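J.: The sequence isn't on hand, but the structure is:
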């Protein structure tokens with residue numbers, strides 16, 4: 001059996017994921033707000049227990065997505081770049097182990113959204129003919145170095 005990948009994401013990834021998941025939770029908070037506004041302005045006979053149920057669901061969802069999930073996600077995600085392949089293990093409930101052969105790598109990108117830019121972090125996207133794989137939330141210097149390393153290994157394999 002192949003050994004597990006050894007590289008971890010920086011601990012700062014947990015904080016970044018918590019901020020990103022907060023925006024998801026805010027989106028879901030619109031449902032009880034919309035239900036409450038509909039009940040207040042248009043339909044006076046809407047049951048209030050549904051509103052409280054929606055609020056409870058959003059609070060539980062927010063607790064899970066903001067407090068609990070990023071810690072578990074960080075603990076489970078690992079990667080390793082080898083000479084012949086990239087090994088990525090991710091997933092909390094369903095664990096997925098992906099091996100990307102260097103000969104299949106078409107190009108490598110670093111991506112930064114506003115939250116990642118704020119924390120001087122980036123995600124590395126590895127594109128093959130089939131799909132795109134991602135190593136999220138690395139410090140910018142590490143992401144650039146990893147991108148360059150993968151690009152160099154992939155081009156060496158293409159030349160052979």
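T.: Alright, I've got the coordinates. Remember, predicted model here, so these are calculated numbers, not experimental data. Residues are numbered from 1 along each chain as shown.
J.: helices or strands next to the helix ranked longest in the chain in the packing?
T.: Counting residues, the longest helix in the chain under DSSP state H turns out to be helix 12-41. Where contact means 3 or more C-beta pairs under 8 Å, 6 or more residues apart in numbering; DSSP states H and E, helix 12-41 is packed against helix 48-62, helix 69-76, helix 114-118, strand 121-128, strand 132-139. To be clear about C-beta, it is placed using only N, CA and C from the backbone, and glycine gets the same treatment.
J.: Just name the most buried of these.
T.: Ranked by mean neighbour count, the helices and strands packed on helix 12-41 are led by strand 121-128 with a mean of 21 (mean count of other C-beta atoms under 10 Å).
J.: contact partners of that strand?
T.: 10, 12-13, 16, 86, 100, 104-112, 116, 132-140, 143-144, 146-147, 150 (C-beta atoms under 8 Å, 6 or more residues apart in numbering).
J.: now it: mean pLDDT?
T.: Strand 121-128 shows an average pLDDT of 95 in the prediction.
J.: Listing partners with orientation, what would you give for that strand?
T.: strand 105-111 (antiparallel), strand 132-139 (antiparallel) (DSSP bridges).
J.: State the distance from the residue nearest in space to the middle of the chain to residue 73.
T.: Nearest to the mean C-alpha position of the chain, by C-alpha atoms, centre = their mean, lies residue 136 at 5.9 Å. Distance of residue 136 to residue 73, computed by C-beta to C-beta, to the nearest Å: 9 Å.
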